[in-house]
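[1] The sequence isn't on hand, but the structure is:
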């Protein structure tokens, strides 16, 4: 880290400065510093300059100059990657391409149910803009105050509200992007049917900026929620929770907005560590479920009545042990608070190795039980738990340190534990990255575990579209030659 | 066509014969003949042999042998392509790779809502298998008695029931495919969240067999319909039809199964040419809409009541002129018969140049009116009409021959008319192939009209994954070098 940053071509930098002007180009280390480290402080990089284009034409100009001078680029939005996807390499060889100045919502239509948002639009601002016209953008997540549309698209982001309307992939109706050769892919028109060949939109979604720079997206809006019901349910097991979920989906799939599962010990950590929380049910239950049912139309059955009837019926069928329905919006918020505090409570409890994994929904209950037991047997002293989006087949699988472990326990033990957990995931037909992406953190694990056919295809596509390996090098795609690290 | 078929390497053919056995290999011209011409008789090809593998391993072996000997392969399912996508080239340089023997439904689960079907499963058989367990596979189309899963996936097929559950892209949860190098992409696990890099599944869907051979797919099943209501509605204009659609979507998006638009003159052709049809409404109306509302649960409001209430409300708001709701299943069938007979009635009326196009839904009403008027002004004597899937932004745009034109009128006039219509579609931000694909029929038009960035990306991906250009050569992707025709 004490080596000087290698000099980039002076003519390249002055060309970039000329295109972008003073607002779009800086080499001031103080202005650059906040963007060199990921938000969790795990990855650090260096760069000689930060580029902040104002529009798509400037992005195209940057890519053309970068191509000419062989300068790698690291696209960055809110810098809230969970996997080091937006941190520049340590050797200072790449420039940061920040999309934050491109923060315009180009259009917004309640009638068509579409918003066209530039890459730098912050998720919370998109939520507000949609709400102002009686609509909503249904995806949300913890980082909504900083995460941007470009990053959300490029990582195919998920969150707690995926059950009904899907991940970013399902919500992204069109894309504008600059490809590595500097040409603009103009795909914003929200066509429901389009069979003109390989789907470039779906290729760029989740590509983590390694195939080009997403500059804008057409996003699906849905009618705003007018009324919701939130319930907390004690269940016997993940299997019972899944049976309950199937029942609710059968009866009310189109109203089911959330279905999250939590084990008793994780809930206990929330009650212990998070001020102002209290147990939602009177007795003890081995597993818990949070359920939310919504409506976006004030006619018909209120969600509370619907949920009450659904649960009455499910109870008759022996699908849960006990349940409560929030009697007010404040109570509903309090139930969600229990769910949303899980990560913080686990952190307060002590170090853990965390995994963002998915398996087919039908296989998730077995996985939650068996993988936890297997990890505990393999690594004596640890305890393993999983919580989250049962309905999406996606849980956060935590392996907690043995009692008395040092705070940096995960740094040492993490690699072996993650490799073990990932092997279990692959054996269950699952994915080692459900919603966080690969970035630099999981790149080598992805290379180790990917189906050879998949890996060959990834590498071929990367080499074909970005032959100079200039687009976010070292992220996602493990290059065959070991050239992945720029 | 009188030239002899060029000899393929004898060792290649005997290797293939050895791998596939007598049931999987034939060079008998009589057995091959039915598969050399597309079902509409527009495209003719030749081949020295027809390969019919029994399983995925045999497909992989074929691709390895073909790669070694540089033999192009044309994958074929039911041979019902609308764009010559499954017809071999005329020079006999390619072998047909038929997936029809791979017709096993590997698994079927009502609880998980997933069927795993091999590429050769015929759509109608999939329908039957799903029905037998109380579920349905919601996509259907005219060729359901011959169209196969592999072809449906590879062309991202649509149809009349796309509004609620989407095209094949939305219904295909996982894919197994053999890539051009003979490796098997094992992606059948139906993961709802998977962020391990470029989405190979979405790349193969709609790729028309040009990037590899789809051998099986995990497909979404939904609960069977227990009750439906079908209505026929007279409206003022496509604009009024769209306003009505928005109203229904707002109130009952999750029950809305079909919404098809027809102009009065097209309906008149059905009533004139199709025996046993009669006008559904008493008066004359300039445009007509067929609507279907379903439920898959016998509780709650019956669809007929729901549709009646929705229409009563919409009528108050002036959203249509007149309407009728089928009082029996026979009447419902009769209404659908009017819609499903449109193509046949147009054919009976006389020659026409047909276009399968899409534009953003919000722009479709203007397009239907303006493009028809423009085409009629540009080509004196023709009449232009559009009908179909208004809710998908996809209509079939027909330009009918002037009165007294010869039956083969479209052969001569077609090219100029299609180029003109396609220019209008592109100007409206639309797609020249909404649901039929590109195949060989639209390949050059796709090259003429595609966004250069899109075209460059298509070519780069094709060259990267299929460097020998052996996978369905000459289809979909116009190669830069003019080497597209094998």
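    Received, thanks. Predicted model, so just to flag it, every value in this text is computed and none were measured.
[2] ok but residue A:269 is inside a strand, no?
    No. Counting by DSSP: H, G, I helix; E, B strand; the rest coil, residue A:269 is not found in a strand; it is helix.
[3] Now it: closest residue in space that isn't a chain neighbour?
    Spatial nearest neighbour of residue A:269, excluding adjacent residues (CB to CB, 6 or more residues apart in numbering or on different chains): residue A:345 at 4.1 Å. Every C-beta, even on glycine, is put in place using the N, C-alpha and C of the backbone.
[4] Can you name the residues that contact the one you found?
    The contact partners of residue A:345, by CB atoms under 8 Å, 6 or more residues apart in numbering or on different chains, come to A:266, A:269, A:270, A:272, A:273, A:274.
[5] Try it again at 6 Å.
    A:269, A:270, A:273, A:274 (CB atoms under 6 Å, 6 or more residues apart in numbering or on different chains).
[6] repeat for residue A:147
    Counted by CB under 6 Å, 6+ apart, residue A:147 has contacts A:78, A:80, A:123.
[7] which one is residue A:15 nearest to, not counting chain neighbours?
    Excluding the flanking residues, the one nearest residue A:15 by CB to CB, 6+ apart is residue A:65, at 5.0 Å.
[8] Give the buried residues for the helix or strand where the one you found lies.
    For residue A:65, the element it lies in under DSSP states H and E is helix A:56-69. Neighbour counts over helix A:56-69 (16 or more other CB atoms under 10 Å in any protein chain shown) mark A:56, A:58, A:59, A:60, A:61, A:62, A:63, A:64, A:65, A:66, A:67 as buried.
[9] Could you provide the residues you listed in CSV, with additional columns for pLDDT?
    Shown next, in CSV, are the buried residues of helix A:56-69 (pLDDT from 0 to 100):
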residue, pLDDT
A:56, 98
A:58, 98
A:59, 98
A:60, 98
A:61, 98
A:62, 98
A:63, 98
A:64, 97
A:65, 97
A:66, 97
A:67, 96
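[10] what number of residues lie near residue A:255?
    22 (other CB atoms under 10 Å in any protein chain shown).
[11] same thing with residue A:189?
    Residue A:189, neighbours per other CB under 10 Å, totals 20.
[12] Wait, a strand at it?
    No. Counting by three-state DSSP, residue A:189 falls outside a strand, being coil.
[13] wait, doesn't it sit right on residue B:428?
    No. With contact defined as CB atoms under 6 Å, residue A:189 does not count as touching residue B:428 (8.6 Å).
[14] Rounded mean pLDDT for whichever strand or helix holds residue A:216, please.
    When elements are assigned from DSSP H and E, residue A:216 belongs to strand A:213-220. Mean per-residue pLDDT for strand A:213-220: 98.
[15] Can you give the strand pairings for that strand, parallel or anti for each?
    strand A:114-118 (antiparallel), strand A:172-178 (antiparallel) (DSSP bridges).
[16] Same list (those) but as a markdown table, adding mean pLDDT and mean neighbour count.
    Listed next are the strands paired with strand A:213-220 as a markdown table, based on pLDDT from 0 to 100; neighbours: other CB atoms under 10 Å in any protein chain shown:
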| stretch | mean pLDDT | mean neighbour count |
| --- | --- | --- |
| strand A:114-118 | 98 | 24 |
| strand A:172-178 | 98 | 24 |
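[17] can you give me the strands for the stretch 201-350 of chain A?
    Per DSSP state E, counting those that start in this stretch, the stretch 201-350 of chain A carries strands over the ranges A:213-220, A:222-223, A:227-235, A:256-263, A:287-295, A:322-325.
[18] er, the stretch 51-200 of chain A I mean
    For the stretch 51-200 of chain A, the strands defined by DSSP E, counting those that start in this stretch occupy A:73-76, A:95-98, A:105-109, A:114-118, A:135-136, A:172-178, A:184-187.
[19] Nearest spatial neighbour of residue A:430, chain-adjacent residues omitted?
    That would be residue A:359: by CB to CB, 6+ apart, it lies 3.5 Å from residue A:430.
[20] do the lowest-mean-pLDDT helix or strand in chain A and chain B meet?
    When each helix and strand of chain A is scored by mean pLDDT, DSSP states H and E, helix A:162-165 comes last, with a mean of 90. No. If you take CB under 6 Å from any CB of the partner chain as the test, helix A:162-165 misses chain B, and the best it gets is 7.1 Å.
[21] before we move on, what about stretch A:239-254?
    Yes. Using CB under 6 Å from any CB, stretch A:239-254 reaches chain B at residue A:254.
[22] any residues touching that stretch, and which ones?
    Contacting residues not belonging to stretch A:239-254 are listed as A:235, A:256, A:259, A:261, A:289, A:310, A:314, A:319-320, A:365, A:390-391, B:254 [CB under 6 Å, 6+ apart].
[23] Write the ChimeraX selection for whichever of those are buried.
    A single ChimeraX command selects the buried members of the contacts of stretch A:239-254 (16+ other CB under 10 Å):
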select /A:235,256,259,261,289,310,314,319,320,365,390,391
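[24] tell me the least confident of the contacts of stretch A:239-254?
    Comparing those by pLDDT, residue B:254 comes last, at 83.
[25] circling back: return the members of the contacts of residue A:345 classed as buried.
    The neighbour count (16+ other CB under 10 Å) marks A:269, A:270, A:274 as buried among those.
[26] The second one reaches residue A:339, doesn't it?
    It stands for residue A:270. No. Counting by CB under 6 Å, residue A:270 stays clear of residue A:339, with 8.6 Å between them.
[27] And the helix ranked longest in chain A, what does it pack against?
    The residue-count maximum for a helix in chain A (DSSP state H) belongs to helix A:409-427. The contact analysis (3 or more CB pairs under 6 Å, 6 or more residues apart in numbering or on different chains; DSSP states H and E) places helix A:409-427 against strand A:352-358, helix A:443-449.
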